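1. model the structure of this input:
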Amino acid sequence: MTKPSKSRTALLSVASSLIIALVTLVFLEIVLRVADFRELRASPSGQTLNYAYDSELGWLGEPHSSTTITTFRTTHATHNSLGLRDQEFTANGKPAIVFLGDSFVWGLDSEASERFSELLRPKFADYNIVPAAIAGYGTDQEYLLLKRLWATLKPSVVVLIFCSDNDRLDNTSNFRYDNYKPYFMTQPDGSLVLMGEPVPRSHLLYIRDYWLVRNLWLARLVVDAYVRVTYRELSALPDPSEKLVGKIREFVEGNGGKFLVGVQNQDERMESYLKANGIPFVSLKGAAFYTGGYGPHWTPEGQQDVANRIEGLLAANGIAAKK
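-> Predicted structure coming up:
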């Protein structure tokens, strides 16, 4: 009987090893799919807001996209070319009132037409009303978004809606809602320094944007481990919230605009800061909101209440509604 040659033996050994490795990988792939770990799902939160990766802001609305969102209720959203949930902005010579904020201004759990900004639009027909908001943003991202949009919108009035429920958490972390974000660190002299740019891609973005990672759970596992090890998740950083509000005011007034604030819920520290620094504000505490779901966002009745209060804030500061 003829013995197999050394090359043939080596080839059979390699083939055998490859088959064993392939069977093992297939087995692990099946295990991961059956286990369905939350960490490896394409969208752990179940929300689809049609947001795109942004290396400076973390995330932003996908321009010219439309989506259906199911949270406490099912609603619809469309983003314009700026990535905002709004009609297309046109420079028509009218001054602009920009509402800066997070999901409360974006209108989670609300149709676009139900939002307080839309309710104010016909009353302030001599102004362009712009809801410049992205769900999940902290005051830090809102400040950066305002700076980016300023040359296009050229607002005469900026109203920041400070979310007492979670803005302080957003402002003291570089990772929120399964995504990385920029953040500001307070220096020994009290100044703020922007950190975390370019913003790393989260494992969710790799899953969404890359075919191999999207279709192979083993690749998801590898990418998730790489991202977690390479980019630390930071939390409980020194709170820069009041300083950020001051930076927004400085930027707005330095460019000739008026700066006002609405405080979504009770925040004595923020309200004391606003009073001490002469920043006009209105409390929005008590506006009706949904309970349960994905957060206490305003109901249609709450949106109307907020619209009325902000109309009063604008009027008290010389921005009158059309008679």
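
2. name the helices or strands packed onto the longest strand anywhere in the chain?
-> In the chain, taking DSSP state E as the definition, the longest strand is strand 155-162. The elements that strand 155-162 packs onto, with contact taken as 3 or more C-beta pairs under 8 Å, 6 or more residues apart in numbering; DSSP states H and E, are strand 96-101, helix 139-153, helix 241-254, strand 258-263, helix 300-316. The way it works is simple: take the backbone N, C-alpha and C, and place the C-beta from them, glycine included.

3. quick one: that strand to helix 300-316, angle?
-> Angle, strand 155-162 to helix 300-316, by axes from the mean of the first three to the mean of the last three C-alpha atoms, to 10 degrees: 130 degrees.

4. residue 220 touches residue 213, doesn't it?
-> Yes - between residue 220 and residue 213 there is a contact at 5.7 Å, judged by C-beta atoms under 8 Å.

5. report the strands that pair with the longest strand of the chain, each with its relative direction.
-> Paired neighbours of strand 155-162 in the sheet (DSSP bridges): strand 96-101 (parallel), strand 258-263 (parallel).

6. now the angle from that strand to helix 139-153?
-> 160 degrees.

7. after strand 155-162, which helix or strand is next?
-> Next along the chain after strand 155-162, taking DSSP states H and E as the criterion, comes helix 167-171.

8. and that next one, how far out from the chain's middle?
-> When distances are taken as C-alpha atoms, centre = their mean, to the nearest Å, helix 167-171 is centred 12 Å away from the chain's centroid.

9. elements contacting that helix?
-> helix 139-153, helix 241-254.

10. comparing those, which comes out most buried?
-> The highest mean neighbour count among the helices and strands packed on helix 167-171, using mean count of other C-beta atoms under 10 Å, belongs to helix 139-153: a mean of 20.

11. name the single longest helix found in this protein.
-> helix 6-35 (DSSP state H).

12. ok, and for it, which residues are buried?
-> residue 32 (16 or more other C-beta atoms under 10 Å).
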